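**Student:** sequence below, structure please.
(2 chains)
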2 protein chains.
Amino acid sequence: MYSEKGKYPLEVCFSPLSWPLFKKDNAVIIITDIFRASTSICAAFQNKVKSIIPVSKVEESIAYKEKGFIVSGERDGKVLDCAEFGNSPFNFMEPRLQGKTVVMNTTNGTQAINLVLKGNNLVGIGAFLNLHAICNWAMAQNRPIIVFCAGWKNRFSLEDTMFAGAAVDYIIKKGKGEFHTMCDSAIASAELWKNASSNLRVHIEKAAHRHRLRKMGLDDILDYSMQLNINQCVPVLKGIEIVDIAQSVNLRFRI
Amino acid sequence: MYSEKGKYPLEVCFSPLSWPLFKKDNAVIIITDIFRASTSICAAFQNKVKSIIPVSKVEESIAYKEKGFIVSGERDGKVLDCAEFGNSPFNFMEPRLQGKTVVMNTTNGTQAINLVLKGNNLVGIGAFLNLHAICNWAMAQNRPIIVFCAGWKNRFSLEDTMFAGAAVDYIIKKGKGEFHTMCDSAIASAELWKNASSNLRVHIEKAAHRHRLRKMGLDDILDYSMQLNINQCVPVLKGIEIVDIAQSVNLRFRI
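**Tutor:** Below you'll find the model as predicted:
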């Protein structure tokens, strides 16, 4: 499974703190923040939102609001004063958002997205909801792949790592021998995913962030977030915006 | 298993890069660098070496050599010019080292040790060889415990993480309810250890550093390093030296 035969390396970065250690030139980067940015971005595109502008500073959210944009945002699970609503995926399902651009500010997810804006890379957003869709897109790009876990305040996060493991497992299995990994983080992620995959919901109960969500009364999203492949969206960064390119992707790797 | 009942938190730090994220006041820190510093330190104390002085800069090794100390050291698996021998555990088994102090300089292990020298913490050195001995000592200190993986050049390392998982598993099981973990790194480590424990040698074949060792012709240490509890040493930092305090530890938790 982890041979060196494949042309393209597949790696996993556990947190923004580790990001400087990765060589990322001409790579595909799949960013994940299961609780909750990347899950919410998938929910938004399912609801036909036109685009998402990810920002990491509160001042940026305020500036967009002043320009008339719809602004969502949280810090540590609390809705920002300048925001119309928080980052729960359910907030992005409202029909009034269809065809609109939403500015999103989250504790971890958009911070990670903003870290990768520089460089000659392709950046996609992955969640359990669109696991196969985002991996199929990533594999079709003929580049190294890095799954980048947003984590929790620079710490390792179990739910993001399980997604990374699911992506590693799928890409190695379905990648027609074109991908390999010699990255211990990728190997560990795939092992954790194998343990969890038969009952993800039970495994996620162990995660520290799951307890944070419960304490904040935000754990209504758990069942929704843990669903696999209910969504075919391919959210990709184009300039400063995230758009869904599902209709235009090369489907060479679609199963 | 991971309840919040225990008095003392138990955490795992995956690499020196993540170290600043941990609160470490009055904690017990178990440093591990399976390939090879912590394994070699255990081998040295098995051989009745008097003490080890860990240093992280080549200039420090040279300065100690000029003072007449026995100096060992490597960088990226190659013996330092100023060193008498490299960091293989087998090098520390020579009878001439008994009763002597050895200055040790390694790529990752002593760097991690030097990071924790500041602060009001107790610092022990753990390897598979002395797993139970170091955990028994750590549990007897009535403090939070952090297992600190030296990693590989600030990256996550599978073999160090498996040791961390073995330590977490043992401390939670044998800690008389005094320890708990809400740390995702600790939970993931323990899961990886559960997968690996029935056949550690096979699991370690996946680790990236295992391949580095093979390429450098240094993989003769694998079988030795993977042995569990063949050694009762308790290497602990006292000032700038590591000494074996096995004879004086509180054995409240010894099974």
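**Student:** residue A:170 falls within a strand, correct?
**Tutor:** No. Counting by DSSP: H, G, I helix; E, B strand; the rest coil, residue A:170 is not found in a strand; it is helix.
**Student:** quick check: pLDDT value at it.
**Tutor:** On pLDDT, residue A:170 comes in at 98.
**Student:** what is the burial count for it?
**Tutor:** 22 (other Cβ atoms under 10 Å in any protein chain shown). C-beta here means a position set from N, CA and C on the backbone, and glycine is covered the same way.
**Student:** that one and residue A:138 touch, don't they?
**Tutor:** No. Between residue A:170 and residue A:138 there is no contact under Cβ atoms under 8 Å: 9.8 Å.
**Student:** any buried residues in stretch A:184-198, and which?
**Tutor:** A:184, A:185, A:186, A:187, A:188, A:189, A:190, A:191, A:192, A:193, A:195, A:196 (16 or more other Cβ atoms under 10 Å in any protein chain shown).
**Student:** what residues does the stretch 51-200 of chain A have near chain B?
**Tutor:** Contact residues (Cβ under 8 Å from any Cβ of the partner chain) of the stretch 51-200 of chain A with chain B: A:152-158, A:161, A:182-185, A:187-188, A:191-192, A:195.
**Student:** inside strands: which ones of the residues you listed?
**Tutor:** Among those, DSSP state E puts none in strands.
**Student:** all the helices of the stretch 1-150 of chain A, in order from the start?
**Tutor:** With DSSP state H, counting those that start in this stretch, the ranges of helices along the stretch 1-150 of chain A come out as A:37-46, A:58-66, A:109-115, A:131-139.
**Student:** what is the mean pLDDT for stretch A:194-210?
**Tutor:** The model assigns stretch A:194-210 a mean pLDDT of 83.
**Student:** list the buried residues of that stretch.
**Tutor:** For stretch A:194-210, by 16+ other Cβ under 10 Å, it's A:195, A:196, A:200, A:203, A:204, A:206, A:207, A:208, A:209, A:210.
**Student:** show me the contacts for the fifth one.
**Tutor:** With contacts defined as Cβ atoms under 8 Å, 6 or more residues apart in numbering or on different chains, residue A:204 is in contact with A:158, A:159, A:162, A:196, A:210, A:222, A:226.
**Student:** what about the first one, how many residues close to it?
**Tutor:** Read it as residue A:158. With other Cβ under 10 Å as criterion, residue A:158 counts 25.
**Student:** the helix-or-strand element of chain A with minimal mean pLDDT packs against which elements?
**Tutor:** Using mean pLDDT, DSSP states H and E, helix A:208-215 stands out as the lowest-scoring helix or strand of chain A, at a mean of 73. The contact analysis (3 or more Cβ pairs under 8 Å, 6 or more residues apart in numbering or on different chains; DSSP states H and E) places helix A:208-215 against helix A:158-174, helix B:184-196.
**Student:** next, count neighbours for residue A:245.
**Tutor:** 15.
**Student:** quick one: distance of the least confident helix or strand of chain A to the chain centre.
**Tutor:** Computed by Cα atoms, centre = their mean, to the nearest Å, the chain-centroid distance of helix A:208-215 equals 19 Å.
**Student:** likewise stretch A:133-145?
**Tutor:** 14 Å.
**Student:** in that stretch, which residues are buried?
**Tutor:** Buried residues in stretch A:133-145 (16+ other Cβ under 10 Å): A:133, A:134, A:135, A:136, A:137, A:138, A:139, A:141, A:143, A:144, A:145.
**Student:** of the residues you listed, which is the nearest to residue A:87?
**Tutor:** Using Cβ to Cβ, residue A:134 comes nearest to residue A:87 of the buried residues of stretch A:133-145, at 19.1 Å.
**Student:** is the closest residue to the closest one other than its chain neighbours bridged to anything, and to what?
**Tutor:** The spatial neighbour of residue A:134 that comes closest, neighbours along the chain excluded (Cβ to Cβ, 6 or more residues apart in numbering or on different chains), is residue A:126 at 4.1 Å. Residues in a beta bridge with residue A:126, per DSSP bridges, are residue A:32.
**Student:** wait, doesn't residue A:126 sit right on residue A:30?
**Tutor:** Yes. Between residue A:126 and residue A:30 there is a contact at 4.4 Å, judged by Cβ under 8 Å.
**Student:** more neighbours, the two?
**Tutor:** residue A:126 (32 against 26).
**Student:** give me the distance between that one and chain B.
**Tutor:** 19 Å (Cβ to the nearest Cβ, to the nearest Å).
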